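1. Here's a sequence, model it:
(4 chains)
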Number of protein chains: 2
Amino acid sequence: MKIIIKNSSPDPIYKQISDQLRGLMITGELKAGDALPSIRNLAKELRISVITTKRSYEDLEREGFLETVGGKGTFVAHQNKEFIKEQKLKIIENKLIEAVDEARMLGIKKKELRDMLDALYEN
Amino acid sequence: MKIIIKNSSPDPIYKQISDQLRGLMITGELKAGDALPSIRNLAKELRISVITTKRSYEDLEREGFLETVGGKGTFVAHQNKEFIKEQKLKIIENKLIEAVDEARMLGIKKKELRDMLDALYEN
DNA sequence: AAATTGTATATATCGCATATATACAGCAAA
DNA sequence: TTTGCTGTATATATGCGATATATACAATTT
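-> Residues are numbered from 1 along each chain as shown, chains lettered A, B, ... in the order given. Purely as a prediction, here's the structure:
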C-alpha cells in the first residue's frame, strides 16, 4: 500500500488518502474483497492519527467503494456497479449544477456551456 | 434601488447585493452609464457597513460590470461586451473544470458528462 | 470651504475544516 | 478466556478563511 502524503499539497491529508485509494480501485489495482490496511497500521505508517485514516475510509464507504466490518477490518466493496455509478454521477452532478446555476445567472446559453465542456474534456 | 437583504439567506450580505445588482444589469433595468447609489447611502439604507457595500461593488467591478470613479461615484460600465463575456466565461469555466476533474477521477466518460449537462440545463 | 464621493488600514468575530488523543466495543485466534 | 487485533465514539484543539466592521484618509464637485 503505497500512499504518499505531501505536506506541500493543498489538499488535506484525509483527501490525499482517499483520492489515492479511489484511484487504485478504479484502475483495478485493488479488487473487490481485498483487505485494506487497518486504520491503525496506516496511521502508524503515515505517522498521522487514526481519526484521519478513519475519515478517509468513511468517505470512501459513503461513496460505496469500501465496506467496513467492526472488529475485522475494511475491504473493497463487492460493487454493485450500478449503485456505485449512480453515486459517482451524483457527485459530478452537484458540481455541474454549480456551473449551470452560474451560467444561468450570467446569461450564458446552453450551447456555449456545451462547447466549453467539450473543450475542457478532450478525450 | 430595491435591494433586499435577508438574514435568513445562506448567502453573505455582500453576495446578495452583487447578485441582485448583476441581475438588474443583465436584464437591462440598469443601463450603461447609470449611477449606482453611493456605497455610503446604500450602506445607510440597508443598515450595514460601507465596507460591505464596497465589497459588492468591487466584485462587480472585477467582473467588468461596474466602473468606479474616486470622489464621483460608481456607474454601470460601458461594456465592452466582448470583454465582459470573456470574464463570465472564465467564471463558469472554473466551475466546469471542477466537474471535469471530478469526472476524470471517477472514470466518467465525456459523453455521460455531456448528457448530464443537457439534462440539467433545459432551455 | 463644505459636502459629497470612494479608499486604505487595522481589527473583531465567527464558523468550518482539519486533525488529534483517548477511552470504548466487537471479533478472532491462541 | 485471555490477548491482540479490528473499528467506534466523544470530546477537544487549532488554524484559517470568510465575513463584517469602525475609522481615518484622499479625491472630486459645488
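2. okay, CA-based contacts and neighbour counts for the rest of this
-> Fine.
3. quick one: A:T74 from DNA strand C, how far?
-> A:T74 sits 12 Å away from DNA strand C, going by C-alpha to the nearest atom of the strand, to the nearest Å.
4. tell me the mean pLDDT over stretch A:113-123?
-> Stretch A:113-123 shows a mean pLDDT of 88.
5. wait, doesn't A:S38 sit right on A:G73?
-> Yes. With contacts counted by C-alpha atoms under 8 Å, A:S38 reaches A:G73, the gap being 6.1 Å.
6. who has more neighbours, those two?
-> The residue with more neighbours, out of A:S38 and A:G73 and counting by other C-alpha atoms under 10 Å in any protein chain shown, is A:S38; that gives 17 against 13.
7. what stretches of chain A score poorly on pLDDT?
-> Along chain A, segments meeting pLDDT under 70 span A:123.
8. Do you have the helices of it handy? List them.
-> For chain A, the helices defined by DSSP state H occupy A:13-27, A:39-46, A:50-62, A:81-106, A:110-120.
9. and the second one, does that touch DNA strand D?
-> Just to be clear, that refers to helix A:39-46. Yes. Interface with DNA strand D: helix A:39-46 contributes A:I39, A:R40, A:N41 (C-alpha under 7 Å from any atom of the strand).
10. Enumerate every residue touching the residue lying farthest from the centre of chain A.
-> Going by C-alpha atoms, centre = their mean, the residue of chain A most distant from its centre is A:G107, 32.4 Å out. Contacts for A:G107 (C-alpha atoms under 8 Å, 6 or more residues apart in numbering or on different chains) come out as B:I26.
11. List the contacts of A:Q79.
-> Neighbour list for A:Q79: A:A32, A:G64, A:F65 [criterion: C-alpha under 8 Å, 6+ apart].
12. cutoff 10 Å now
-> A:K31, A:A32, A:G33, A:G64, A:F65, A:L66, A:E67, A:K85 (C-alpha atoms under 10 Å, 6 or more residues apart in numbering or on different chains).
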